[in-house]
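Student: got a structure for you, letters missing:
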């Protein structure tokens with residue numbers, strides 16, 4: 001059975017009170033009950049909404065670089081002024097990119113709310 005492990009009792013209580021999903025029982029899908037199977041099948045059954053990025057390269061002092069992919073929602077009806085438009089920062093997993101299906105879907109949801117994405 002999965003366990004909720006946190007750095008302290010107060011944070012654990014906060015999560016249980018405000019995020020009820022952490023106390024719910026997980027029921028995997030009937031057709032793919034094994035977790036490794038879910039990992040292998042996911043790329044074949046997910047959709048990838050189209051997203052146009054603007055790439056920004058930032059050079060660091062140690063000679064490295066940071067690549068940021070921006071989604072600028074210039075058609076936002078909620079936040080016409082770009083300077084007041086909320087920005088959502090999404091960090092893909094360790095080996096992920098901004099083209100992962102879960103990132104693309106989060107951008108799509110952010111766009112519906114009028115946000116921009118980095």
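Tutor: Now that the structure is in, tell me what you want to look at. Only a predicted model underlies this, so the values are computations on that prediction, with no experimental measurement involved. Numbers count the residues shown, from 1 in each chain.
Student: Need the contact partners of stretch 19-32.
Tutor: Contact partners of stretch 19-32, identified using Cβ atoms under 8 Å, 6 or more residues apart in numbering, comprise 2, 4, 15-16, 34-35, 38, 41. Every C-beta, even on glycine, is put in place using the N, C-alpha and C of the backbone.
Student: mind checking the end-to-end distance for it?
Tutor: End-to-end distance for stretch 19-32: 26 Å, by Cα to Cα, to the nearest Å.
Student: Determine which two of the contacts of stretch 19-32 are furthest apart.
Tutor: Farthest pair in these (Cβ to Cβ) is 16 and 41. Separation: 31.3 Å.
Student: any idea how far residue 100 is from residue 28?
Tutor: 21 Å (Cβ to Cβ, to the nearest Å).
Student: hang on, I meant residue 91
Tutor: Separation of residue 91 from residue 28 (Cβ to Cβ): 26 Å.
Student: what residues go with each domain of this protein?
Tutor: Following the assignment in automatic domain parsing, the chain carries domains at 9-44, 54-117.
Student: Export these as TSV, with columns for mean neighbour count.
Tutor: Below are the domains of the chain laid out as TSV (neighbours: other Cβ atoms under 10 Å):
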stretch	mean neighbour count
domain 9-44	10
domain 54-117	13
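Student: From residue 64, how far off is residue 113?
Tutor: Using Cβ to Cβ, residue 113 is found at 33 Å from residue 64.
Student: that older thread, in helices, which of the contacts of stretch 19-32 fall?
Tutor: Of the positions in those, 15-16, 35, 38, 41 sit in helices, assigned by DSSP state H.
Student: what residue ranges in the protein score low on pLDDT?
Tutor: Residues of the chain meeting the criterion pLDDT under 70: 1-2, 117-118.
Student: need the strands for it, in chain order.
Tutor: 54-59, 65-70, 87-88, 116-117 (DSSP state E).
Student: of the ones you listed, which approaches residue 81 most closely?
Tutor: For those, the distance to residue 81 is smallest for strand 116-117, at 11.8 Å, taking Cβ to Cβ.
Student: Many thanks, I have nothing further to ask.
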